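In: Build the 3D model from these lines:
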Amino acid sequence: MNIKIESPVNKYYVQTLCMIFFPGEKFGESSEQRADTPSLYLKTNKTDEGICAIAELSIGDKRSSAEKTVAFSADRSEERTLKIAVGAAILAAAGELVGYRPSWGMLIGVRPSKVATEMLNSGMSKTRVKKILTSDYLVIPKKATLAVDVALNEKRISGEVGTKDCSVYISIPFCPSRCSYCSFVSYTSKKLLSLIPEYLERLMCDIENNFKVISELGLNVKTVYIGGGTPTILDAEQLRKLLSKIASLTDVSKLTEFTLEAGRPDTITAEKFAVAKEYGVTRVSVNPQTLCDDVLCGIGRSHNVDDFFRAYDIAKNSGIKTINVDLIAGLPGDNFKLFSSSYDSILQLRPENITVHTFCIKKSADVLRHNSHIYSIHGGDAGKCVDYSQIKAIQNGYMPYYMYRQKNTVGNYENVGFSLEGHEGLYNIYMMEELHSIFAAGAGAVTKLVDNTGSDVSGKSIERLFNQKYPYEYLSEDRSEDFRAAAIKFYTEHNML
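Out: The predicted model follows:
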């Protein structure tokens with residue numbers, strides 16, 4: 001996509017707005033220009049009263065333009081006023097050109113409830129926040145209500161977060177098979193799966209180093225989350241080895257939450273969940289994605305519907321406090337009838353958590369090799385499925401407690417976690433809302449150091465430390481000393497010791 005900007009607005013912000021209407025487009029790559037390549041010209045002018053933005057869009061011989069002026073307000077900064085003017089102009093021009101209105105308006109970030117949280121924290125009422133989201137940010141009313149509800153629930157659940165609190169994330173980046181929409185192709189190869197024993201040994205050293213740094217900084221571990229990949233690809237003895245290592249480094253009985261993201265039903269056994277229960281795991285995920293065998297086969301899952309019900313029974317009988325079940329709206333081959341049937345069946349099981357994701361296409365996903373037109377701004381039945389899941393969840397006593405969005409989701413819809421009271425996934429809130437530091441171990445894991453000592457949550461300082469992406473890279477280089485030095489430097493410079 002060609003973009004010309006005559007404005008101080010952030011270029012990435014403009015590109016991300018364009019991706020709402022032109023998903024899958026690339027920017028500034030002349031070698032990929034086509035006759036139907038979209039083009040945008042954007043210009044802004046600042047006056048004493050406000051900011052005027054002009055957007056001109058074209059695709060081939062189709063053209064559209066829009067001019068929007070936003071007045072300065074005491075409720076927002078000049079930078080935000082600029083972004084709102086630009087967003088309004090682009091949404092108007094692009095919406096007319098392609099015939100689409102995004103339900104989240106110009107809210108493009110991973111955390112659509114962030115703006116609502118900031119306004120609520122400033123003392124605004126729920127009604128006022130909803131009005132601003134719909135009038136200024138062009139969010140449709142039901143999404144504005146969802147954003148406010150999630151923001152309020154997150155605030156109530158997280159409570160007062162201590163400046164010495166932190167969480168730990170542990171990565172098991174291996175899967176038994178490759179989903180067609182996933183970009184982590186190499187993680188399922190036989191060669192890499194053979195690395196699991198060696199990876200586990202290195203991982204436990206990494207975990208031990210993280211806990212030593214946490215202790216040196218005088219921090220309190222609130223939650224531990226073992227994610228993937230598929231952590232239960234480990235056999236029972238490997239899982240025992242990992243969990244016993246964690247138990248030797250911290251008192252797991254004092255954790256507010258200890259999650260094992262089991263994920264694939266075909267990797268779940270009663271023996272593994274007995275080990276998990278023995279070592280203090282309080283939350284597990286059993287993720288069918290859909291309860292339709294044909295759809296499962298089409299997306300490359302190596303389990304069937306019967307495998308899920310077997311795995312869910314194991315989880316329920318294990319005595320582990322909280323079970324989460326994931327479903328995905330908008331999967332290839334799925335439709336509203338199939339999704340609603342899957343969702344109703346999950347509600348009958350009454351798991352403590354239900355997370356509904358919107359189908360997201362990773363840029364290196366296998367599905368793109370076979371269908372380059374899979375990106376969809378309208379989303380087919382996905383929007384209807386998302387709405388259904390939210391209405392039925394509330395009717396059945398679940399509340400939306402956290403939410404996030406990804407690029408290139410069909411229909412530009414959201415992912416929402418629902419919970420029965422007292423079973424909210426705390427790690428999800430701490431991580432998504434950046435309430436405290438997350439110390440990460442394993443390949444592909446990202447440590448997020450957060451300065452949460454100030455009152456301005458929107459302006460908090462955050463530093464990310466990236467581990468090597470692939471297991472073979474992770475095994476070839478030890479960065480433990482660099483990690484320790486970076487963490488101590490961050491906490492020292494921000495007067496957090």
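In: Run through who's touching the helix or strand in which Cys385 is found.
Out: Using DSSP states H and E, the element containing Cys385 is helix 382-395. Outside helix 382-395, the residues that touch it by Cβ atoms under 8 Å, 6 or more residues apart in numbering are 103, 142, 146, 327, 329-330, 334, 336, 339-340, 343-344, 347, 354, 356, 358-359, 376, 399-400, 410-411, 413-414, 416, 418. No exception for glycine: its C-beta is placed from N, CA and C like everyone else's.
In: what residue is smack in the middle of this structure?
Out: The residue lying closest to the centre of the chain (Cα atoms, centre = their mean) is Tyr404, at 4.9 Å.
In: Contact partners for that one?
Out: Contacts of Tyr404 were listed using Cβ under 8 Å, 6+ apart, and they are 110-112, 414-415, 432.
In: rewinding a little: and the next element down the chain from the helix holding Cys385?
Out: From helix 382-395, the next helix or strand downstream (DSSP H and E) is strand 399-404.
In: Neighbouring strands - and their directions - for the helix or strand following that next one?
Out: As assigned by DSSP H and E, the chain's next helix or strand after strand 399-404 is strand 415-419. Paired neighbours of strand 415-419 in the sheet (DSSP bridges): strand 353-358 (antiparallel), strand 399-404 (antiparallel).
In: which residues of the stretch 51-200 of the chain fall in helices?
Out: Using DSSP state H, counting those that start in this stretch, the helices of the stretch 51-200 of the chain run over 78-98, 114-121, 126-135, 141-158, 190-193, 196-216.
In: Could you give me the buried positions within the fourth one?
Out: Of the residues in helix 141-158, those with enough neighbours to count as buried (16 or more other Cβ atoms under 10 Å) are 143-154, 157-158.
In: likewise the third one?
Out: Applying a neighbour-count criterion of 16+ other Cβ under 10 Å, the buried positions in helix 126-135 are 129-130, 132-134.
In: Serialize those to CSV and add fields for pLDDT.
Out: Converted to CSV, the buried residues of helix 126-135 look like this (pLDDT from 0 to 100):
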residue, pLDDT
Val129, 97
Lys130, 97
Ile132, 96
Leu133, 97
Thr134, 97
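In: picking that back up, buried subset of the contacts of helix 382-395?
Out: Among these, those buried by neighbour count (16+ other Cβ under 10 Å) are 103, 146, 327, 329-330, 334, 336, 339-340, 343, 347, 354, 356, 358-359, 376, 399-400, 410-411, 413-414, 416, 418.
In: and Ile3, how far is that from Ile90?
Out: According to Cβ to Cβ, to the nearest Å, Ile3 stands 10 Å off from Ile90.
In: overlap in contacts of these two?
Out: 14, 18, 40, 42.
In: name the helices or strands packed onto whichever strand or helix holds the third one?
Out: So the one you mean is Leu40. Using DSSP H and E, Leu40 falls within strand 39-46. Packing partners of strand 39-46 (3 or more Cβ pairs under 8 Å, 6 or more residues apart in numbering; DSSP states H and E): strand 2-6, helix 11-21, strand 50-59, helix 78-98.
In: try 6 Å this time
Out: When contacts are defined as 3 or more Cβ pairs under 6 Å, 6 or more residues apart in numbering; DSSP states H and E, strand 39-46 packs onto strand 2-6, strand 50-59.
In: how far out from the middle of the chain is the helix holding Cys385?
Out: Here the centre of helix 382-395 is set off from its chain's centre by 19 Å, with Cα atoms, centre = their mean, to the nearest Å.
In: Can you check what angle separates it from strand 399-404?
Out: Angle, helix 382-395 to strand 399-404, by axes from the mean of the first three to the mean of the last three Cα atoms, to 10 degrees: 140 degrees.
In: Just give the closest residue to Gln289, not the sequence neighbours.
Out: Leaving out its chain neighbours, the residue that sits closest to Gln289 by Cβ to Cβ, 6 or more residues apart in numbering is Ile328, at 4.8 Å.
In: pLDDT weak spots in the stretch 151-300 of the chain?
Out: 178-189 (pLDDT under 70).
In: circling back to that earlier point, now render the strands paired with strand 415-419 as JSON lines, adding mean pLDDT and distance to Arg484.
Out: Listed next are those as JSON lines, based on pLDDT from 0 to 100; distance: least, Cβ to Cβ, whole Å:
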{"stretch": "strand 353-358", "mean pLDDT": "96", "distance to Arg484": "34"}
{"stretch": "strand 399-404", "mean pLDDT": "96", "distance to Arg484": "30"}
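In: how about those strands, which one is nearest Thr290?
Out: Ranking these by proximity to Thr290 (Cβ to Cβ) places strand 353-358 first, at 11.0 Å.
In: Quickly list what the residue nearest to Gln289 is bridged to.
Out: Taking DSSP bridges as the rule, Ile328 bridges to His357.
In: returning to what we had before: and the contacts of Tyr404, which of them are buried?
Out: Applying 16+ other Cβ under 10 Å to those flags 111-112, 414-415, 432 as buried.
In: Leaving out chain neighbours, which residue sits closest to His423?
Out: His423's closest residue in space is Glu352 (Cβ to Cβ, 6+ apart), at 3.6 Å.
In: burial count for the one you found?
Out: 20 (other Cβ atoms under 10 Å).
In: Pull the number of nearby residues for the residue nearest to Gln289.
Out: Ile328 has 26 neighbours, counted by other Cβ under 10 Å.
In: Touching, it and Phe359? I think so.
Out: Yes: using Cβ atoms under 6 Å, Ile328 makes contact with Phe359 at a distance of 5.4 Å.
In: where do the strands sit along the stretch 151-300 of the chain?
Out: For the stretch 151-300 of the chain, the strands defined by DSSP state E, counting those that start in this stretch occupy 165-172, 220-228, 257-263, 283-286.
In: from the contacts of Tyr404, which two are the most distant?
Out: Farthest-apart pair in these is Glu414 and Met432; separation 11.9 Å (Cβ to Cβ).
In: Below-threshold pLDDT in the stretch 301-450 of the chain: ranges please.
Out: 362-376.
In: Now with 80, please.
Out: 302, 361-379, 407-408 (pLDDT under 80).
In: again with the stretch 1-150 of the chain
Out: Short version for the stretch 1-150 of the chain, where the test is pLDDT under 80: 24, 28-35.
In: The closest residue to Asp293 other than its chain neighbours - how many residues pack around it?
Out: Setting aside the residues directly before and after it, Asp293 is nearest to Asn304 in space (Cβ to Cβ, 6+ apart), at 5.1 Å. Using other Cβ under 10 Å, Asn304 has 17 neighbouring residues.
In: do Phe483 as well
Out: Around Phe483 there are 20 residues (other Cβ under 10 Å).
In: and Tyr402, what does it touch?
Out: 417, 428-429, 432 (Cβ atoms under 6 Å, 6 or more residues apart in numbering).
In: of all the residues you listed, which comes closest to Ser73?
Out: Closest to Ser73, out of all of these and judged by Cβ to Cβ, is Met432, at 28.0 Å.
In: Relative to Val150, how far out is the closest one?
Out: Distance from Met432 to Val150, counting by Cβ to Cβ: 10 Å.
In: What of Leu97?
Out: To Val150, Leu97 is 31 Å away according to Cβ to Cβ.
In: what's the answer for Asp294, then?
Out: According to Cβ to Cβ, Asp294 and Val150 sit 33 Å apart.
In: And Gly60, by the same measure?
Out: Counting by Cβ to Cβ, the separation of Gly60 from Val150 is 40 Å.
In: For Leu435, what are phi and psi?
Out: Here is the backbone geometry of Leu435 (degrees, to the nearest 10): phi -80, psi -30.
In: so it sits right up against Val161, yeah?
Out: Yes: judged on Cβ under 6 Å, Leu435 makes contact with Val161 at a distance of 4.6 Å.
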